[in-house]
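1. from the sequence below, what's the structure:
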Amino acid sequence: MARDPRFPPMSTPELTYAVVAGISNYEMGPLWALPKAGEHAVQFAEWLRAREVPASNIRLFLSTSDHAGYSARLSVIGVSAISATTTTFNQVIENEVPAWTGETLYFFWAGHGNIDEQDQRILFFEDWRELQHQRHLDLTSLLKQLRRVPLGDKFPFQVAYVDACANQFETIGFEGRTGSRTVNLNPLVPGVHQVFFLAADSGDQAVAGEFSELVLDELTRASWPPDPDAIIAAVRPKFEDASQRPVRLAWRTAAGDEDGIESVVGDLPASAYVNAVEAIRGFPVRHLRSLARAASDIGFSDSAAREDLRQRLSTAPGIAAPNERARSGGGEKDLLHIIARAFDSQRENLLLQTIRSMQPESALFEAEFERTRLLRQVRQQLLALPLTMNDFREIYHTTIASLSLEASRVNARTFHEMLDELCVPGSGPEQFLSLFEFVLRAADRVPSHRANLEALIDVYASPALAQTVRDRLRRELRFQLRISVEPNRNVADAPESVEAQLYVSATALAVRSWREPAAQWDPDVETAIRSIVREAREVVGREYHLDTTTLDVELLVSWPFMLKAPDRIVLPGPKRTLGQLHPFVLRWRERLLTPWDVDKEPWSGAKKRYQPTRKQAGSVNWVQHGDYAGLDKHAGLAALNFCPKDDSGVDALFEVIGGGVPFVAWLRTDPATWPPFMADLAQLAAACNLEELPRALRKARFQTSPTEIADHLTLFWDDPESEFIWKRIDVK
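-> Just a heads-up that it's a prediction; the model follows:
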């Protein structure tokens, strides 16, 4: 009588072999620690030995750091621990396992895992590190190899228990790709039966250790040889209320082919709606996931074939009577075959046309499929770009800010979460507005892919919506941080509250739009400036990936701040003051000009006359209290030969700035002697182009022994080149 292939052979334990791995510690660091993984692997080895499986038939892989802790227990059962590294594991699989001959092979894994960009299940070795792509086990490929020559000849029955996550690779936030290697597949071996029990469904995370504990408990109570289906039946119900869903994957090879008895594909979450459809319409969650996957991937446009398909859809067993056929599993292959052919390359969905009578569910079906299909195409195209996950996070935060979406959405860190959050609730293409903006922002980073990404938007968006997205991105975006500051009690003539405003210009990148946190600071000017700069450092550093070494930041403050000598306030870090905040240049000023006109002349006119000057070595024009009328506003640097402490000095300074002079220098304190000071300033200005003067002054400030120029001088630079960015905002 032929042996029932559902059960292991009634062989002696001597014909049973096992590959067992439990990785508690990873080179990635303590955040990757799984304290129970090693213990569960040791318990599995102890269970095998208690069932009289020879120690020589067991290969046990543990984290290197766990060897000493388990040495006493392992010596009792006669099993040695092997480091769970890429090299040692591959040596066993490639050199030792092919030399075994038996009937049953066990595979046990407790450790970290994922689904890679090719939807293959992968398991991480202890030496896995980001961007070192081959330090993982391709579980999907291993399963295929075990069904084929030469391994399939050795073990007609194979059982595996895998306690690892199965969420998408990019959701763990790493850069790069897993780089799965291509495996050459040999012919199938007839009669091989595999039963793999996995802790997590595709897209799910596994709670550390729960699955292994339950499996080990059932194995310990079962007689030899244990029925894997009985183990699965006992463990599955215990996860009914859990976030993870254990999955049974079984294969049985016939003469020359293989048949997936149960396969779970796709990563559509089992949402409340999906569960409701399962209950009402009889489509199990795994079938709905398969359907969504097919909707995303498969194109079908032949008109004759479509007409033929319309006729078949109404009578197909997987569609007309899903409850009986789909729940039994017998109709899944037919169901998936039909679903896979039901989607053309554009937006028509013949299956959805057929099930429109399923009201009100049909509209939800259509919306969910459309969303899933779009997200999958976006994901595939964006992950093909030469961008890092940090690039995508930056683009995501910029998009969220520009659309004024909920602040909670900024918490999205993984690529999957970003795309999901960018689709706002609703119906129709408008729900994808922020997603489309995200796509175009990414396209701006990689112009060679822009045509393909814009074509994707044109397929899914109406012409008006597509134009709306493009118009939004054409506008110059600005970032504004507004912080209210009470007047300093020690600063004379400052009876009113003032506001400091920080404008950020990053011409090479789109910047975050308006953000105005209401923050009241200590009524001390120095404390206020420290707070402003600290916030600026955190926000700008988080939101920008600079492609130049310097980002210009302009701090607009009111006059009392000037008297406080803001560029002499020391900030945390070596030699850091407001004059240098790496990687920023800070400029401060009392803003008196509108950006469009100077002395009844358009700013553009001043720009034209000033343009030749900015590239020349600077010259210094010394300004007395009453000398401004004859000053050439575009010839060079206007410097006050007095310290503007009293009302007349302040008025003169304002008159120079208000007249449109782009470079103005003044002192906070009188120099020890005027002639050497004036000579030093002339030398500093002549040593560089005028447009480089702010950086030259900053460099002078941070010399080991700063000159008197650097110590006493404040520089105003109102650059006409920035007229399209800066805008006057009157504040109190």
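
2. going forward, measure contacts and count neighbours with C-alpha atoms only.
-> Fine.

3. counting neighbours, what do you get for Glu384?
-> I think there's a mix-up here, since residue 384 is Ala and not Glu. Residue crowding around Ala384 was assessed by other CA atoms under 10 Å; the count is 10.

4. hey, where'd the helices end up in the stretch 601-732 of the chain?
-> Counting by DSSP state H, counting those that start in this stretch, one finds helices in the stretch 601-732 of the chain at the ranges 603-614, 647-658, 674-686, 693-701, 708-712.

5. check which helices and strands the first one is in contact with.
-> In this structure, helix 603-614 packs against strand 597-598, with contacts taken as 3 or more CA pairs under 8 Å, 6 or more residues apart in numbering; DSSP states H and E.

6. closest one to Thr16 among the helices of the stretch 601-732 of the chain?
-> Thr16 sits nearest to helix 693-701 of all the helices of the stretch 601-732 of the chain, at 73.8 Å, using CA to CA.

7. remind me what the closest one packs against, helices and strands.
-> helix 674-686, helix 708-712.

8. export the ones you listed to JSON lines and tack on distance to Ser141?
-> Below are these laid out as JSON lines (distance: least, CA to CA, whole Å):
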{"stretch": "helix 674-686", "distance to Ser141": "68"}
{"stretch": "helix 708-712", "distance to Ser141": "66"}
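
9. let's have these in CSV, adding mean neighbour count, mean pLDDT and distance to Ala50.
-> Shown next, in CSV, are the helices and strands packed on helix 693-701 (neighbours: other CA atoms under 10 Å; pLDDT from 0 to 100; distance: least, CA to CA, whole Å):
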stretch, mean neighbour count, mean pLDDT, distance to Ala50
helix 674-686, 16, 89, 85
helix 708-712, 20, 71, 81
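
10. quick check: bridge partners of the nearest residue to Asn621 once chain neighbours are set aside?
-> Using CA to CA, 6 or more residues apart in numbering and skipping residues adjacent in sequence, the residue nearest Asn621 is Ala638, 4.8 Å away. Beta-bridge partners of Ala638, counted by DSSP bridges, are Asn621, Val664.

11. please tell me how far Ala638 sits from Pro694.
-> Using CA to CA, to the nearest Å, Ala638 is found at 14 Å from Pro694.

12. contacting residues around stretch 150-158?
-> By CA atoms under 8 Å, 6 or more residues apart in numbering, the residues outside stretch 150-158 that reach it are 8-9, 97-98, 100-107, 145-146, 186, 188-189, 191-195.

13. from those, which would you call buried?
-> Listed as buried from these are 8-9, 97, 100-107, 145-146, 188-189, 191-195; burial here means 16 or more other CA atoms under 10 Å.

14. tell me which of those residues fall in strands.
-> Among these, the ones falling in strands (DSSP state E) are 104-107, 193-195.

15. now render these as CSV, adding pLDDT.
-> As requested, these are exported to CSV (pLDDT from 0 to 100):
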residue, pLDDT
Thr104, 92
Leu105, 94
Tyr106, 96
Phe107, 96
His193, 84
Gln194, 86
Val195, 86
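
16. so where's the stretch 201-350 of the chain shaky on pLDDT?
-> For the stretch 201-350 of the chain, the stretches flagged by pLDDT under 70 are 201-208, 240-245, 254-350.

17. hmm, try it at 80
-> Residues of the stretch 201-350 of the chain that meet the criterion pLDDT under 80 lie in 201-209, 238-350.

18. which one of the helices and strands packed on helix 693-701 lies closest to Ala72?
-> When those are ranked by proximity to Ala72, the top entry is helix 708-712, at 69.9 Å, counting by CA to CA.

19. I'd like the ones in strands among the buried ones among the contacts of stretch 150-158 as CSV, with distance to Ala672 appended.
-> Putting these into CSV (distance: CA to CA, whole Å) gives the following:
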residue, distance to Ala672
Thr104, 93
Leu105, 89
Tyr106, 87
Phe107, 83
His193, 93
Gln194, 90
Val195, 89
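
20. between the residues you listed, which sits nearest Glu708?
-> Lowest distance from Glu708 to those (CA to CA) belongs to Phe107, with 75.2 Å.

21. now the closest one: how far from Asp646?
-> Distance of Phe107 to Asp646, given as CA to CA: 85 Å.

22. what's the answer for Leu419, then?
-> Leu419 is 58 Å from Asp646, by CA to CA.

23. ok, these two, which is more surrounded?
-> Set Leu419 next to Asp646 and count neighbours by other CA under 10 Å: Leu419 wins out with 20 against 8.

24. can you pull the contacts of the more buried one?
-> 375, 379, 435.

25. can you redo these as a markdown table with neighbour count, secondary structure and distance to Gln624?
-> Formatted as a markdown table, the contacts of Leu419 follow (neighbours: other CA atoms under 10 Å; DSSP: H, G, I helix; E, B strand; the rest coil; distance: CA to CA, whole Å):
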| residue | neighbour count | secondary structure | distance to Gln624 |
| --- | --- | --- | --- |
| Leu375 | 19 | helix | 66 |
| Arg379 | 16 | helix | 64 |
| Leu435 | 26 | helix | 58 |
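
26. just send these back as TSV, with distance to Tyr70 and pLDDT too.
-> Output for the contacts of Leu419, formatted as TSV (distance: CA to CA, whole Å; pLDDT from 0 to 100):
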residue	distance to Tyr70	pLDDT
Leu375	47	75
Arg379	44	79
Leu435	51	84
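
27. between these, which is nearest Ser75?
-> Taking CA to CA as the measure, Ser75 lies nearest Arg379 of those, at 49.8 Å.

28. what residues sit buried inside stretch 457-465?
-> 457, 460-461, 465.

29. just these: which are in strands?
-> Short answer: the buried residues of stretch 457-465 have none in strands (DSSP E).

30. what about those residues, which are in helices?
-> Per DSSP state H, helices hold the following members of the buried residues of stretch 457-465: 457, 460, 465.

31. now the last one: how far from His449?
-> When CA to CA is applied, the distance between Leu465 and His449 equals 21 Å.

32. what sits against Ser24?
-> By CA under 8 Å, 6+ apart, the contact list for Ser24 reads 33-38, 62-63, 66, 111.
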